[in-house]
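1. predicted structure and sequence below. I'll ask about it afterward.
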Amino acid sequence: MPVYDYKCRKCGAVFEKFLRTLAAAGSVKCEKCGSGQVEKLVSCCAISSGGKSGNSGSSTSSHSCGSCSSHSCSTCH
């Protein structure tokens, strides 16, 4: 279920809402004052590719950190 962030135009409260469908967004009311004058905020999301964390899709060796091109800096070992 997606989580959306909203801000109340009346009292300024910011809150999250779980919505099962996009159609349900029209019925969102402020959790603090009950006003229907809310706006959906732009928020970040995290997407996982299901692969290994770190060097996903990288061709670096398992002994390097992948943050440098020489793979022999002091942070790689």
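-> Great, that's in hand. Residues are numbered from 1 along each chain as shown.

2. and Ala28, its phi and psi?
-> Careful, residue 28 is Val; it's not Ala. phi -70, psi 130 (degrees, to the nearest 10).

3. got a list of what it touches?
-> The contact partners of Val28, taken as C-beta atoms under 8 Å, 6 or more residues apart in numbering, are Tyr4, Tyr6, Lys17, Leu19, Gly36, Val38. No exception for glycine: its C-beta is placed from N, CA and C like everyone else's.

4. quick check: pLDDT value at Gly36.
-> Gly36 carries a pLDDT score of 93 in this model.

5. buried only: go through the contacts of Val28 for me.
-> For the contacts of Val28, a neighbour count by 16 or more other C-beta atoms under 10 Å gives the buried set as Tyr4, Tyr6, Lys17, Val38.

6. list the buried ones in the helix or strand where Glu16 lies?
-> Per DSSP states H and E, Glu16 falls inside strand 14-18. By 16+ other C-beta under 10 Å, the buried positions in strand 14-18 come out as Phe15, Lys17.
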